[in-house]
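[1] Kindly generate the corresponding structure for this input.
(one chain, ligands or ions: 1)
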Amino acid sequence: MRLATIVTPVGDRAHVRTRAGYVDVATALGDERFTSLASLLAAGPEAMLPLRTADGPAIDPATARLAATIPNPGKVICIGRNYLEHALEGGSPPPTWPETFLRVTDSLMAPLDDVVVPSNTEQFDFEGELGIVIGWGGRHVPASRAMEVIAGYVVCNDYSARDWQRAASQWTPGKNFDGSMPVGPELVTSDEVDPRDVLLETRLNGEVMQSARTSLLIFDIPTIIEYVSSFTTLRPGDLIATGTPGGVGFARTPPVYLRAGDMVEVSIEGVGIIRNRMVPDGSPPSLSPWRPLAKMRQTVASQPSATTGRD
Ligand code: ZN
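    This next block holds a predicted model:
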C-alpha cells in the first residue's frame, strides 16, 4: 500500500493511493480521527485493512500537492556515516557504534517542493537516504523482530550545511536548517517493498552523484531498530533516516555545494523519487552575524604568525 499526505483546501490530510488516484483516508474509513498518517499508524495494522479496497472521490496524482509524508513525527532520528564509502570520504574509519543525531520537525519538508539554500551557509550539501517509518514501535525491540515494528519506507534527503555541521562538535545546527529534509513521496508499506537490498541514487542536475545498494549499510535496518529502541521508545510515525552513501558534495575534488537553480533528485528502487529545485534565500546574509567560515577565517587571521610569534 502507498500512503501520502496531500495538501487540501481543508488542511494536510492522509491519503491512500488507489487505481483511481489518491483517496482520503478518513473519508474512506468513515472516521475523522484518521486525517493524519501518524494517527492511522497508531491505530494498528487492522485499522488499515479496509484501505486495501478504498473507494471514493480521488485526486489525480499528477496534480496532487504532496506534503511531507509524516509531517510531524514524534521524533526524527538520523544515523550518520552508515556506509563505508561515506565514512572514508569524510576521513573517518567506519564506526563501530552507530553515529546518531536528531532532527527537529521544522527541518522536515514536502518531497517535491523547492529547497531554500540558506544565505548564512557557504556549504549546503545533499545526502540521499532511505527513511524508516515506525508502525507499532516499542522499546528493546530485538533485531530478529525489528521488521515487525516498521510501517514502511520513504525517501529522504538529509540536506546539510557542512560549515555549520563542523563549527562545533555537535552536528545539530548543520542538520536542522528549516525545511532541509524532504520526506516522501509516499509511505510504501513493508508488505509492498523490502528495501534491504535496493538501489539508492542521488542525481544533481541529472548527473549521478551517489549510487549504492542499501545492502551496504554498516548497521542494517534490524540493527538500527534494535539499537535505537534500546535507548528510546519507538512510536507510530517516528522517522529514522538510515544514513547516506559515498559521493556527497563536500568530499569531491573540487567540492560541490548546492546553488540556486540546481535540481536534486533522490530515487530508491521500489520506494520512489523525491525532487527539489534549489531556490535563493529571501533573507539577506547580513540578517545573522553567525557565519561559521567567516568566523574561522577571522580566527586564523588573528592568530600570531609563525615568523614573529606575536601580534
Ligand atoms: Zn545523513
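[2] Going along the chain, name the helices of the stretch 51-200 of the chain.
    For the stretch 51-200 of the chain, applying DSSP state H, counting those that start in this stretch gives helices covering 84-89, 162-166.
[3] gap between Glu122 and Trp290?
    12 Å (CB to CB, to the nearest Å). C-beta here means a position set from N, CA and C on the backbone, and glycine is covered the same way.
[4] The two - which one has more neighbours?
    Taking neighbours as other CB atoms under 10 Å, Glu122 and Trp290 compare with Glu122 leading, 16 against 12.
[5] Verify the contact between Ile70 and Pro236 for me.
    No - here Ile70 lies out of contact with Pro236, judged by CB atoms under 8 Å, at a distance of 9.4 Å.
[6] Find the residues that touch each one of these two.
    The contact sets of Ile70 and Pro236 overlap at Ala38 (CB atoms under 8 Å, 6 or more residues apart in numbering).
[7] Settle it for me: which of the two has more neighbours?
    For Ile70 versus Pro236, neighbours defined as other CB under 10 Å are more numerous around Ile70 (29 against 22).
[8] What distance do you get for that one to Ala42?
    From Ile70 over to Ala42 (counting by CB to CB), the distance is 12 Å.
[9] Please name the residues that touch Ser288.
    Asn120.
[10] my bad, Asp55
    Thr18, Ala20, Val23, Ala28.
[11] next one: Ala4
    So Ala4 contacts Ala14, His15, Val16, Arg17, Tyr22, Ala64, Leu66, Thr69, Gly184, Pro185, Glu186, Leu187 (CB under 8 Å, 6+ apart).
[12] Considering only those, which also neighbour the ion?
    Near the ion, taking CB under 5 Å from the ion as the test, no member of those is found.
[13] just to revisit the earlier point, quick check: which of the helices of the stretch 51-200 of the chain is nearest to the ion?
    Nearest of the helices of the stretch 51-200 of the chain to the ion, taken as CB to the ion: helix 84-89 at 8.5 Å.
[14] what about the closest one and the ion, any contact?
    No - legend: contact between helix 84-89 and the ion by CB under 5 Å from the ion is lacking; minimum distance shown is 8.5 Å.
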